[in-house]
Structure formats: structure tokens, C-alpha cells
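Novice: Generate coordinates for the sequence data below:
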Amino acid sequence: MSSDGSWPLWEVFVRGKRGLNHVHVGSLHAPDAELAVRNARDLYTRRNEGVSIWVVPAEAITASSPDEKDPFFAPSGDKVYRHPTFYAIPDDVPHL
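Specialist: Numbers count the residues shown, from 1 in each chain. So this is what the prediction gives:
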């Protein structure tokens, strides 16, 4: 519980089907991780669509700024090893 008496905020991620990624579905307040998982199950998986739930304290998440998306995600032209043409594929490797 925080100093003002409120429960911490938890971010909820649900994996809907096996093999898919967890997706952020919302937030909730809970006193601890165990209760956060239970509440997340009740709130975000009502029709048995979830197979896995993650809860993360909101204060533990650090994110990039949307204002900096162009320089942050721009590919680096000087790193040619990231391009597929940098690598030679051996002749005996099929279907590549």
C-alpha cells in the first residue's frame, strides 16, 4: 500500500492463445501480485480466452517516448551486418 493508503497500480497483459504474444489489456489496483492476477483473471478473461496472465507494477515499466520514435527506431545504415545481403547462403542449404 502506498503512503496515501491506496493500492499500487498493476498493468495487465494476457496471452489469448498458445503461441501468441501477451497483449496489454488494461490496468487495475491491487495490494499484491497474487490478488492482481486473480482480479485480472476476473476482469480480462471472462470468456475463457486467456491462457496466461502477466501483472507488472506500473512503476516498474519504462517506455520510450512517442515523440522520439523516428530517431529511436530508425534503422542504422552503417550496420550492414543487419542486412540479409551481408551473409552468403551456402549452396547446400535448401529452402532459404
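
Novice: What helix or strand is residue 28 located in?
Specialist: Using DSSP states H and E, the element containing residue 28 is strand 23-29.

Novice: Residues contacting that strand, please?
Specialist: 6-16, 36, 39-40, 43-44, 58 (Cβ atoms under 8 Å, 6 or more residues apart in numbering). To be clear about C-beta, it is placed using only N, CA and C from the backbone, and glycine gets the same treatment.

Novice: hmm, try it at 6 Å
Specialist: 7, 9, 10, 11, 12, 13, 14, 39, 44 (Cβ atoms under 6 Å, 6 or more residues apart in numbering).

Novice: partners of it in the sheet?
Specialist: The strands that strand 23-29 pairs with in its sheet are strand 9-15 (antiparallel) (by DSSP bridges).

Novice: Now the strand it pairs with: buried residues?
Specialist: 10, 11, 12, 13, 14, 15 (16 or more other Cβ atoms under 10 Å).

Novice: ok, the nearest residue to residue 72 once chain neighbours are set aside to residue 12 distance?
Specialist: Closest residue to residue 72 apart from its sequence neighbours, by Cβ to Cβ, 6 or more residues apart in numbering: residue 64 at 5.4 Å. Distance of residue 64 to residue 12, computed by Cβ to Cβ, to the nearest Å: 21 Å.
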